[in-house]
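1. Sequence first, predicted coordinates after that:
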Number of protein chains: 2
Amino acid sequence: MPIISSSYIREVAIRALARAGIPAHHAEIQLDVLLEAELRGVPSHGLLRLDRVVQRIANGVADPHATGRHYWRSSGFLSVDGERGLGPVVAIAALDALQKRASEVGVAIAGITNSNHLGMLGWYAERVAARGQSIIAMSTSEALVHPWGARKALIGTNPISIGVPTEGEPFVMDTATSVVSMGEIHDHAHRRASIPSHWALDAAGNPTTDPNEAKKGALAPFGGAKGYALGLAIELLVSSLAGAAIGTDVRGTLDATEVCNKGDVFIVIDGPHTRLSAYLDMIRSSEPAHGFDGALVPGDRARECRKQRLEHGLPVAEEVWERLLTLAGIDSAVQQHHH
Amino acid sequence: MPIISSSYIREVAIRALARAGIPAHHAEIQLDVLLEAELRGVPSHGLLRLDRVVQRIANGVADPHATGRHYWRSSGFLSVDGERGLGPVVAIAALDALQKRASEVGVAIAGITNSNHLGMLGWYAERVAARGQSIIAMSTSEALVHPWGARKALIGTNPISIGVPTEGEPFVMDTATSVVSMGEIHDHAHRRASIPSHWALDAAGNPTTDPNEAKKGALAPFGGAKGYALGLAIELLVSSLAGAAIGTDVRGTLDATEVCNKGDVFIVIDGPHTRLSAYLDMIRSSEPAHGFDGALVPGDRARECRKQRLEHGLPVAEEVWERLLTLAGIDSAVQQHHH
């Protein structure tokens, strides 16, 4: 894999997004969430997705100019019609409004629909928590997860991210409610590797180690019945509060052609602070369990990875990089010379 | 186990609570959450706990009269000093205020500390959702759970409950973020039964099947690293927003003598509704996975259990029932004749 500097990726990607007709400020936001995913070692939510963003604009199912229409149902509840805008652009506009309102009201909530894929939820949570407010963020997605005890994919991978300010770096956790992402399954299929049997069921409802059978079946919820209950609660809460589609009616989170009707919910809280860092350090330095190196606080590994990659560059999959250059209108032979 | 009618249990328990000096209205609330746990088949959060409530009052660490002092930090954020009141009494007073405020503001949040154990969180979520509002409820507890990768108990069992109104019965999920409760470990120890090796670590950080070793060690978070991240997020969010103690500083959730310094956070949301029942019915009737009978929606089993037990009576552990009669000042020999 080519190792490329963060600044050069940014330059190329911004050119690609400009060529797709995205206004400069919107391009910065869209790129930032993708590039930050790469920096943190989460390529499934990274530059891989840039091509689809461009295609969705070309296909008229994403509008690069829209920031979303805001309607305050009450002083603390913001309903957002995303107007098919880019997910991060619509989300940031909503979060800016929420953060301002939360600083007055103490708490504010947004339900967003008719927007596009947000990318990594933790990026939004970190932004809010770094500014001194707490956040609970939840999204739905196309149904890929089976209910605990059933075989069909009826529930989204429904991520939840929680951000809390501390005296130092904000605490951010961010997890899908499936055991793994469908991207992980595709990656194993691509590499002809088998998968652990608790990751997915095949179409007949049996645990499978074959990623190609898993693709025809359904992902397992994480943590069995408990993770299922959490993922389902997110499905209901988001569908209800955002006025978004539900279950197998959700479309447009995995392809380049369908209007996206999933939902996002953000709850921003402006509350009192207590000191949390000493507690987090106690966790970091506590004795390891047998067979482990000790505990990390969620976000630690990503933060370390980001630091390394900002300094030394990022590995980007060859085909992702080639595609990016093409989208940017850069001849890759010339680029190699230039680079 | 004796099978006793719900109405007779109520009569005896109310007498016991009155003798402990609890005002009638507060006794009704405290009993309701415990009795509803028994009716739903969750005895770990049931009548077993009534004795400790009475003892905590006798020891001066619970005040049966207090309903909590309310301070609105802003129009949507309620800080509650529970004044050592009974957990359910303080929580219901806070929820009533939140529900009213949420109907005006759209969303309202409470952080509660200096209150006592709430019992089953789902009871509160169901109450709110049955009145047409959504809720996210979270509590902390004494540290019993190890961080993923470490061996010491540094995190509470930190339950989360989410309630969402539907056209029919409200949706309610309610789960601790540990694999099982410590009550479950004690129950296995009592019955000299072994436990599955993924439930807990012993004091040396090794997985154990011996419940007595588990008692000296730590419970596992549910769902590995993901459940750990969620439980830790709840620890930070609740400690921060409620101004409550954190980690190993949390006291008074398991004994009869220490002032309770854990926290509770409720977020009540007055949002738009969509139709959810058809989707939930689709889950209930979807094809089973291999080796399962199909999926249930969280709350289904409890609802069925409640119906049966209201009709036919409840099994109550002999020693729990004897203790309840004693607390009520009823001679158990006479009672058997009477009953």
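-> That came through, no problem.

2. give me the low-pLDDT residue ranges for the stretch 101-250 of chain A?
-> Across the stretch 101-250 of chain A, nothing is flagged by pLDDT under 70.

3. Where do the strands of it begin and end?
-> Using DSSP state E, counting those that start in this stretch, the strands of the stretch 101-250 of chain A run over A:107-113, A:134-139, A:160-164, A:171-175, A:200-201, A:218-219.

4. Tabulate these (TSV), appending distance to chain B and mean neighbour count.
-> No exception for glycine: its C-beta is placed from N, CA and C like everyone else's. Shown next, in TSV, are the strands of the stretch 101-250 of chain A (distance: least, CB to the nearest CB, whole Å; neighbours: other CB atoms under 10 Å in any protein chain shown):
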stretch	distance to chain B	mean neighbour count
strand A:107-113	4	29
strand A:134-139	6	26
strand A:160-164	4	27
strand A:171-175	4	26
strand A:200-201	6	28
strand A:218-219	9	26
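
5. and of the ones you listed, who's closest to B:Ala150?
-> With CB to CB, the closest approach to B:Ala150 among the strands of the stretch 101-250 of chain A belongs to strand A:171-175: 16.3 Å.

6. what's the closest of the strands of the stretch 101-250 of chain A to B:Ala66?
-> Set against B:Ala66 and scored by CB to CB, those come closest in strand A:107-113, at 25.2 Å.

7. what's the closest one packed up against?
-> In terms of contact count using 3 or more CB pairs under 8 Å, 6 or more residues apart in numbering or on different chains; DSSP states H and E, strand A:107-113 is assigned the packing partners strand A:77-81, helix A:87-105, helix A:224-242, strand A:263-269, strand B:107-113.

8. Give the pairing partners of it; include direction for each.
-> Using DSSP bridges, strand A:107-113 pairs in its sheet with strand A:77-81 (parallel), strand A:263-269 (antiparallel).

9. Any idea how far apart the tips of stretch A:199-213 sit?
-> Start-to-end span of stretch A:199-213 (CA to CA, to the nearest Å) is 12 Å.

10. now do stretch A:160-172
-> This stretch, stretch A:160-172, spans 11 Å end to end (CA to CA).

11. what sits up against that stretch?
-> A:121-122, A:124-126, A:128-138, A:173-175, A:177, A:230, A:234, A:273, A:275-277, A:280, A:297-299, A:303, B:230, B:232-233, B:236-237, B:240 (CB atoms under 8 Å, 6 or more residues apart in numbering or on different chains).

12. With chain B as the reference, measure out to the closest residue to A:Arg49 other than its chain neighbours.
-> Leaving out its chain neighbours, the residue that sits closest to A:Arg49 by CB to CB, 6 or more residues apart in numbering or on different chains is A:Leu34, at 5.9 Å. Using CB to the nearest CB, to the nearest Å, one obtains 23 Å as the distance from A:Leu34 to chain B.

13. List the residues that contact A:Leu34.
-> By CB under 8 Å, 6+ apart, A:Leu34 lies in contact with A:13, A:45-47, A:49-50, A:119.

14. ok, now A:Val259?
-> By CB under 8 Å, 6+ apart, the contact set of A:Val259 is A:61, A:84, A:114, A:251-252.

15. Pick out the residue closest to the middle of chain A.
-> Nearest residue to the geometric centre of chain A (CA atoms, centre = their mean): A:Met120, 2.2 Å.

16. Look up phi and psi at the residue nearest to A:Arg49.
-> Phi and psi for A:Leu34, reported as degrees, to the nearest 10, are phi -70, psi -40.

17. Then A:Arg301?
-> phi -60, psi -40.

18. ditto for A:Ala13
-> Main-chain torsions, A:Ala13, degrees, to the nearest 10: phi -70, psi -40.

19. measure it to A:Ala58 for me?
-> Computed as CB to CB, to the nearest Å, the A:Ala13 to A:Ala58 distance reads 17 Å.

20. can you redo the strands paired with strand A:107-113 as JSON lines with mean neighbour count and mean pLDDT?
-> Shown next, in JSON lines, are these (neighbours: other CB atoms under 10 Å in any protein chain shown; pLDDT from 0 to 100):
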{"stretch": "strand A:77-81", "mean neighbour count": "23", "mean pLDDT": "98"}
{"stretch": "strand A:263-269", "mean neighbour count": "28", "mean pLDDT": "98"}
